[in-house]
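Chemist: here is a sequence with its predicted model. Questions after.
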Number of protein chains: 2
Amino acid sequence: MIFSSVISAKPPCLYLPRKFPVRCSSLSVSANQLNLTQFDLKTYWTTLIAEIDNDLEKAVPIKYPEQIYEAMRYSVLAKGAKRAPPVMCVAACELFGGSRLAAFPTACALEMVHAASLIHDDLPCMDDDLSRRGQPSNHTVYGVDIAILAGDALFPLGFQHIVSHTPSDLVPEDRILRVIAEIARAVGSTGMAAGQFLDLEGGANQVRFVQEKKYGEMGECSAVCGGLLAGAEDDEIRRLRRYGRAVGVLYQVVNDILEAKAEIPEDEGKKKKKGKSYVAVYGVERAMEVAKELREKAKKELHGFEKYGEKVAPLYSFVDYAADRGFSIGASS
Amino acid sequence: MIFSSVISAKPPCLYLPRKFPVRCSSLSVSANQLNLTQFDLKTYWTTLIAEIDNDLEKAVPIKYPEQIYEAMRYSVLAKGAKRAPPVMCVAACELFGGSRLAAFPTACALEMVHAASLIHDDLPCMDDDLSRRGQPSNHTVYGVDIAILAGDALFPLGFQHIVSHTPSDLVPEDRILRVIAEIARAVGSTGMAAGQFLDLEGGANQVRFVQEKKYGEMGECSAVCGGLLAGAEDDEIRRLRRYGRAVGVLYQVVNDILEAKAEIPEDEGKKKKKGKSYVAVYGVERAMEVAKELREKAKKELHGFEKYGEKVAPLYSFVDYAADRGFSIGASS
């Protein structure tokens, strides 16, 4: 559920005041020490998007009965998708010496379960979102019944894809099992489903829980899966877990700030129901403080990986992107 | 989706004419040759239900946020459930020398994904069922939003449970991965989701597809998973696949016949929308012929397993139970 909003034609960072606090983290020193400023995240990201899109296209073909596959493809192959979960998974896998071939099946699966969760979250009985990734949301095109089934089909397809496509010579079976359990944990009642539940039913005091479960879990799970595939140590997995969660929430908090700053009129807003955000509950100023804390928290976790040298650059850059949106990603932008 | 209807206090087989064709299969000779007539399916089944219910109780505890767990537990722990998928899985595993300890985690997972699919199938935009397993359906108690989330949470919990609970000393990891892929296949767009889609959107000529996908897949998957856990050969897995599918469809066809024979008034029927059944499309007489063919087909597949002696008895008995309903299973009966 991270990185899922539509990027407007005008980069949203332009709406921010120039002294937006999340731009000014003292932790940028760490990135400079590693000479990470030369890392080109946009090229890294767009290159991976092309490869992931190619794999997803093959992983969700049109079969009989066609309409359910069309509904699945409509969401999972949406051109405006930034593929942040798969890209984070690949980056975490590469950090620990894993290959892209090892990571891609899980990366695609993450995009499938991500798309599935977005389809269900957008339903009229949930967040009642009319658009997603720059196009009408799934149920507005295919109807609520087929949208539910498209989500129900994308979730298991992700698990199936991991089992059938992960190269056994690159990833031992015990790691594949841990990846499956991690994704299952993240999407279920201990993760995103719980976040969505409390977004609908909870009180304002549960905003942190909602944000961490609804938006942080996908980032956490993506980073952790990448590490698991590459055989990262348990303490490294714990760091990835905290890092990914912070980045996932950070992206959403900044998104909410940008939307508030842009003052999008209610009738033009894509959401018919407003969920529990830091902006809605505590206001923009407090949300900006939260974003600053999350940015620092995410970068602090990465200190433990600086021994891996420049391979940590993508993970550092994701933090800055989540906070600053320094460039546009996705066809809808 | 097999064996999921509520059993009435009066055994439904009483509604059938005494010469109901599915009681008269010539294949019962085969069972006699193996001296299977002494096998007590009811004791076997009820003993397993107690063990499976015990494991399910522990597998779906109440956690925060409580209401989503309560909604999950409401369906998966329903007292009227016959636990046919898990029992079939255990029986298939034992046929090939596997232990119950090896089978139970997958058996519980099958019940979780089974319950999840029933929750979603019952939704107003789907089959609009008001009751299930002798109690109001999930969404009528918890609301449509929470019912969708309870299903979304039970699906992945099944996969997570298999990974975390299958004893590694009893089941090699490659088998666990095959089991996960098999369940994912059965519930997704190649299986139950496709069946539900065509039940809603398809024509009368798709009744066989609907029945096989919506009702046969759970039986097929349950039998196959049992075989996979115990290391059955590929040709044996193929037999289990055809057997399980036939039994799953047989149960539903007989259910539809019994409902038609009983002439339940529309306003007392639990289904508000009638799906695509052989009875609805071709009438009771043709549905009885289909049931006879399915019974013979299922038993024919078991001929290949007679070398295993009495261990095949449960699988034979399931066929007769699906056709005859010779006794009551489940607290709602």
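Modeler: Structure received.

Chemist: from here on, contacts and neighbour counts on C-alpha atoms
Modeler: Noted.

Chemist: A:Gly188 - nearest residue in space that isn't next to it in sequence?
Modeler: Using CA to CA, 6 or more residues apart in numbering or on different chains and skipping the chain neighbours, the partner closest in space to A:Gly188 is B:Ala153 (4.2 Å).

Chemist: mind checking how far the one you found is from A:Pro85?
Modeler: According to CA to CA, to the nearest Å, B:Ala153 and A:Pro85 sit 20 Å apart.

Chemist: that older thread, surely the residue nearest to A:Gly188 and A:Arg185 touch.
Modeler: No. With contact defined as CA atoms under 8 Å, B:Ala153 does not reach A:Arg185; the gap is 9.1 Å.

Chemist: show me which of those two is the more surrounded one.
Modeler: B:Ala153 (28 against 22; other CA atoms under 10 Å in any protein chain shown).

Chemist: list the contacts of the helix or strand containing the more buried one.
Modeler: In this structure, B:Ala153 sits in helix B:144-165 according to DSSP states H and E. Helix B:144-165 is contacted by residues A:125-126, A:152, A:177-178, A:180-182, A:184-185, A:187-189, A:193, A:196-197, B:59, B:68-69, B:71-72, B:105-106, B:108-110, B:112-113, B:115-117, B:119-120, B:123, B:138-139, B:176, B:180 when judged by CA atoms under 8 Å, 6 or more residues apart in numbering or on different chains.

Chemist: and it, what's buried?
Modeler: For helix B:144-165, burial by neighbour count (16 or more other CA atoms under 10 Å in any protein chain shown) applies to B:144-163.

Chemist: what does stretch A:222-237 give?
Modeler: Using 16+ other CA under 10 Å as the burial criterion, the residues of stretch A:222-237 that qualify are A:222-232, A:236-237.

Chemist: same question for stretch A:137-145.
Modeler: With burial defined by 16+ other CA under 10 Å, the residues of stretch A:137-145 counted as buried are A:137-140, A:142, A:144-145.

Chemist: A:Ala81: which of those is nearest?
Modeler: A:Ser137 (12.8 Å; CA to CA).

Chemist: right, and the closest one touches A:Pro124 too?
Modeler: No. Using CA under 8 Å, A:Ser137 makes no contact with A:Pro124, being 10.4 Å away.

Chemist: that older thread, pLDDT averaged over the helix holding B:Ala153 - what is it?
Modeler: Helix B:144-165 comes out with an average pLDDT of 98.

Chemist: helices or strands up against whichever helix or strand comes after it?
Modeler: Next in sequence after helix B:144-165, counting helices and strands by DSSP H and E, comes helix B:173-187. With contacts taken as 3 or more CA pairs under 8 Å, 6 or more residues apart in numbering or on different chains; DSSP states H and E, helix B:173-187 sits against helix A:144-165, helix A:173-187, helix B:100-121, helix B:144-165, helix B:217-230.

Chemist: now do 10 Å
Modeler: Counting by 3 or more CA pairs under 10 Å, 6 or more residues apart in numbering or on different chains; DSSP states H and E, the packing neighbours recorded for helix B:173-187 are helix A:144-165, helix A:173-187, helix B:100-121, helix B:144-165, helix B:192-201, helix B:217-230.

Chemist: strands paired with the helix or strand following the third one, and their directions?
Modeler: Taking DSSP H and E as the definition, the helix or strand that follows helix B:100-121 towards the C-terminus is strand B:131-132. In the sheet containing strand B:131-132, its partner strands are strand B:135-136 (antiparallel), by DSSP bridges.

Chemist: now the next helix or strand after the strand it pairs with: how far from the chain's centre is it?
Modeler: Past strand B:135-136, further along toward the C-terminus, the next helix or strand under DSSP H and E is helix B:138-142. Distance of helix B:138-142 from the chain centroid (CA atoms, centre = their mean, to the nearest Å) equals 22 Å.
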